[in-house]
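**Student:** any chance you can model this:
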Amino acid sequence: MGTGKTTIATKLALRLGMRYVSTDNLIEAKEKRTINEIFTNSGEDYFRDVESSVAREVSAMENLVIDCGGGVVLREENMANLKSGGIVVCLTAKPEVIMERTKKYKHRPLLNVEDPKRKILDLLNKRAPFYAKADHIVDTGDLTVRQVVDKIAMIAEGRK
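**Tutor:** Sure, this is the predicted structure:
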């Protein structure tokens, strides 16, 4: 979260002539409630089950740029599904950058805690080995949106 996934994915889809899809949006549509409501009322395990189902569905589709929530990597099956149909690019940023980018948003269930910066550090440390399994990692902290899109477009076009 806070690395620019949605912004980058929407612009990348336009650049590549592909369709943009957000797994979080699909989850909310499928569940008819927000991510926050799912976490609050059904818990993280339930959310991860729905997320896995959606990841499996979109992985079988073609010509998409898929914007996944940052926790999708926690299940090997999700990474296997996502990699089966395309390239997995992990967007990263330093904890301070993520904190700055996310501080004004209250819809981040994992950051609705007393010490969000500590939570960001904990999440990054816990997820680092999972993020390392991506095909490519791009740090968005010091790049413009256009620079990130250009970088990923070159990766995607090199694969074609």
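**Student:** hmm, residue 62 is touching residue 19, no?
**Tutor:** No - contact between residue 62 and residue 19 fails when scored by CB atoms under 8 Å: they sit 9.3 Å apart. The C-beta positions use only the backbone N, C-alpha and C, and glycine is treated the same way.
**Student:** who's more crowded, the two?
**Tutor:** Counted by other CB atoms under 10 Å, residue 62 and residue 19 do not tie: residue 19 has more neighbours, with 13 against 8.
**Student:** hang on, the more buried one packs against residue 65?
**Tutor:** Yes - look at residue 19 against residue 65 with CB under 8 Å: they come within range, at 7.3 Å.
**Student:** anything in contact with each of the two?
**Tutor:** Shared contacts of residue 19 and residue 65 (CB atoms under 8 Å, 6 or more residues apart in numbering): residue 13.
**Student:** next one: the residue lying closest to residue 153 once chain neighbours are set aside from residue 59, what distance?
**Tutor:** Distances taken as CB to CB, 6 or more residues apart in numbering put residue 15 closest to residue 153, at 5.4 Å, once the chain neighbours are dropped. Computed as CB to CB, to the nearest Å, the residue 15 to residue 59 distance reads 21 Å.
**Student:** neighbour count for the two, which is higher?
**Tutor:** Between residue 15 and residue 59, counted using other CB under 10 Å, residue 59 has the larger neighbour count: 19 against 16.
**Student:** for that one, phi and psi?
**Tutor:** Residue 59 adopts backbone torsions of phi -70, psi -20, taken as degrees, to the nearest 10.
**Student:** what's the answer for the one 10 residues further on, then?
**Tutor:** For residue 69, the backbone dihedrals (degrees, to the nearest 10) come out as phi -60, psi 150.
**Student:** quick check: the residue of the chain most remote from its centre vs residue 121, distance?
**Tutor:** When each C-alpha in the chain is compared with the mean C-alpha position (CA atoms, centre = their mean), residue 114 comes out farthest, at 23.5 Å. Applying CB to CB, the value for residue 114 to residue 121 is 14 Å.
**Student:** repeat for residue 65
**Tutor:** Counting by CB to CB, the gap from residue 65 to residue 121 is 29 Å.
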